[in-house]
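**Q** Provided below for reference: sequence and predicted model.
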Amino acid sequence: MNIQNYINGDMCAAQLGAVLDNYNPASGKVYGTIPNSDAQDVSKAYEAAAAAFPTWSNTPAEERFKVMNAIAEGIDNLRDALALAESNDQGKPLWLAKNEMIRAAQNFRFFATAAMQFASESHAMENRAINYTLRTPIGVVGCISPWNLPLYLFTWKIAPALAAGNCVVAKPSEFTPVTAAMLGEICTAAGLPNGVLNIVHGLGATVGQAIVEHPNIKAISFTGGTATGKHISSVAGPMFKKVSLELGGKNPNIIFADADLDKAIKTTVNSSFMNQGEICLCGSRVFVERSVYGQVKDALVKAVSEMKVGDPLDPATRVGAIVSKPHYEKVLGYIALAKEEGATVLCGGTALHPEGLENGYYIAPTILEGLSASARCNMEEIFGPVISIMPFDTEEEVLAMANATDYGLAATVWTEHLTRAHRVAAQLQMGIVWVNCWLLRDLRTPFGGVKSSGVGREGGWEAMRFFTEPKNVCIAL
Ligand code: NAD
């Protein structure tokens, strides 16, 4: 499939005509091309967005609501085709891609209703004055997303930006661009006016950089790696742009002896290895209270060893292909490093070559034991099907280990002890804490991390506030 940029409602090649190969990670083969765009294409997209802004920002919320709902419906109607495209592009099991397409539509539906509900605040000063705070759209904003949950995260940014009345220049990951291209077609069919959303494909260092550097793109919503986020901050900061950064994680999953262990083990298998462990929220450090450590470890090793790894299109597959060759090599490099750091591989630990897909990028789900809490493999984000399991004796000890990395995205806590649940949740230095569950999402809640996991929050009113500028008007009485 050869995809194109979506600018001003048109599908078009990069102005210089250059393309990049697009690989299917399940087979390791090139199966299409994407535009290798540059700053000229971003500039063209910006011009289209700027021209569309006066009308879109003055379009009644009810109209925006209708168009965004029509986009959601368009995603629903194409769910199977989108899921297949996403699975081919990213390597995730097809059944998982189908679930993610439900969420992509939900993102549009949720923020369509937010457009209708968003309101100005008012602060009365006794008999002296009344203040009202208008929240106006920013203008043209940039949305840059990663490869792990391609359409799910792309729409999670674009939907609130559009709901708040902005026009968008967006860039999906060069590794997983196909469903973003399909979204362009869906938007046109749904009646989104030309230029309101523009999608430019290509490399981060050219297209992404050009979006961040563009003097008139006033806000950047970015999800991706911490190093990229740091770079984006260094460019956007001196330009006084509004920036929202959703970055990496090294999430602790803490299992206390008083937990419902069956549920904790079952969920831990998912929270560790769903999407090949390539979800920023996956728990990669599993801490288990010593009295139940052996029991939990044995059950995890048994369940994980039985997970079917292979063809993403096979309904029985639990773990598909790693997104790209460089990432596959990076994950294998961490497994080798873990061994040097003294880890014992309890299961997995190797690349796999399923029959017929020998050149695809497959890694057996891997459980490591025996790493010190401060080992690099316990500190750095691996972002693959690799977890490290460690025993602990006290609440204080596990909190210290859980909080010891530079990251602070999400934690999971398993306990039936009510006061412990509250106490531990309060002390975890994370943006998100799940107790007795994982990835249970209410789209109204603030989403994001602390420390090196990011700046700002997405979701609900947080996203609507990010994509608007508040202006206070004070009227003396
Ligand atoms: P990445 O940082 O390499 O790329 C993310 C996006 O940024 C891509 O579209 C890329 O092309 C673009 N980019 C690269 N260089 C750029 C530059 N100089 N200027 C502007 N844009 C640039 O990340 P990735 O490898 O695609 O994604 C994996 C990372 O994303 C992991 O660290 C993961 O934890 C993180 N992630 C975080 C969340 C979250 O919500 N916190 C969600 C998903 C993924």
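**A** Thanks, I have it.

**Q** near the closest residue to residue 172 other than its chain neighbours, how many other residues are there?
**A** Distances taken as C-beta to C-beta, 6 or more residues apart in numbering put residue 180 closest to residue 172, at 3.7 Å, once the chain neighbours are dropped. (Each C-beta comes from the backbone N, C-alpha and C, glycine too.) When counting by other C-beta atoms under 10 Å, one arrives at 26 neighbours for residue 180.

**Q** now swap in residue 68 and tell me
**A** Look at residue 68: counted by other C-beta under 10 Å, it has 27 neighbours.

**Q** so who does it touch?
**A** Contacts for residue 68 (C-beta atoms under 8 Å, 6 or more residues apart in numbering) come out as 108-109, 111-112, 115, 159, 162-163.

**Q** following the strand or helix carrying residue 154, which helix or strand shows up next?
**A** If you go by DSSP states H and E, residue 154 is part of helix 150-163. Next along the chain after helix 150-163, taking DSSP H and E as the criterion, comes strand 167-171.

**Q** is that following strand in proximity to the ligand?
**A** Yes: legend: contact between strand 167-171 and the ligand by C-beta under 6 Å from any ligand atom is shown at residue 171.

**Q** C-alpha coordinates for the helix or strand harbouring residue 69, PDB please?
**A** Using DSSP H and E, residue 69 maps to helix 61-77. Taking Å, rounded to 0.1, in the frame of the first residue of the first chain, the C-alpha atoms of helix 61-77 are listed here in PDB:
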ATOM      1  CA  ALA A  61     -20.100  23.400  18.800                       C
ATOM      2  CA  GLU A  62     -23.100  21.500  17.700                       C
ATOM      3  CA  GLU A  63     -21.700  21.300  14.100                       C
ATOM      4  CA  ARG A  64     -18.300  20.200  15.400                       C
ATOM      5  CA  PHE A  65     -20.100  17.600  17.500                       C
ATOM      6  CA  LYS A  66     -21.900  16.300  14.400                       C
ATOM      7  CA  VAL A  67     -18.800  16.100  12.200                       C
ATOM      8  CA  MET A  68     -16.800  14.400  14.900                       C
ATOM      9  CA  ASN A  69     -19.500  11.800  15.500                       C
ATOM     10  CA  ALA A  70     -19.600  11.100  11.800                       C
ATOM     11  CA  ILE A  71     -15.800  10.500  11.900                       C
ATOM     12  CA  ALA A  72     -16.400   8.100  14.800                       C
ATOM     13  CA  GLU A  73     -19.000   6.300  12.800                       C
ATOM     14  CA  GLY A  74     -16.600   6.200   9.800                       C
ATOM     15  CA  ILE A  75     -14.000   4.500  12.000                       C
ATOM     16  CA  ASP A  76     -16.600   2.000  13.300                       C
ATOM     17  CA  ASN A  77     -17.700   1.200   9.700                       C
END
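
**Q** what are the buried residues along that helix?
**A** Buried residues in helix 61-77, counting neighbours by 16 or more other C-beta atoms under 10 Å, are found at 61, 64-76.

**Q** ok, and what's touching whichever strand or helix holds residue 377?
**A** Element membership of residue 377 [criterion: DSSP H and E] is helix 376-379. Applying C-beta under 8 Å, 6+ apart, the contact partners of helix 376-379 are 250, 285, 334, 337-338, 341, 343, 368, 371-372, 386, 388, 390, 404-406.

**Q** thought residue 334 was touching residue 383?
**A** No: using C-beta atoms under 8 Å, residue 334 is not in contact with residue 383; the gap is 9.2 Å.

**Q** ok, the two, which is more surrounded?
**A** residue 383 (25 against 19).

**Q** separation between the more buried one and residue 250?
**A** Per C-beta to C-beta, to the nearest Å, residue 383 is found 10 Å from residue 250.

**Q** part of a helix, is the residue nearest to residue 172?
**A** Yes: assessed by DSSP: H, G, I helix; E, B strand; the rest coil, residue 180 belongs to a helix.
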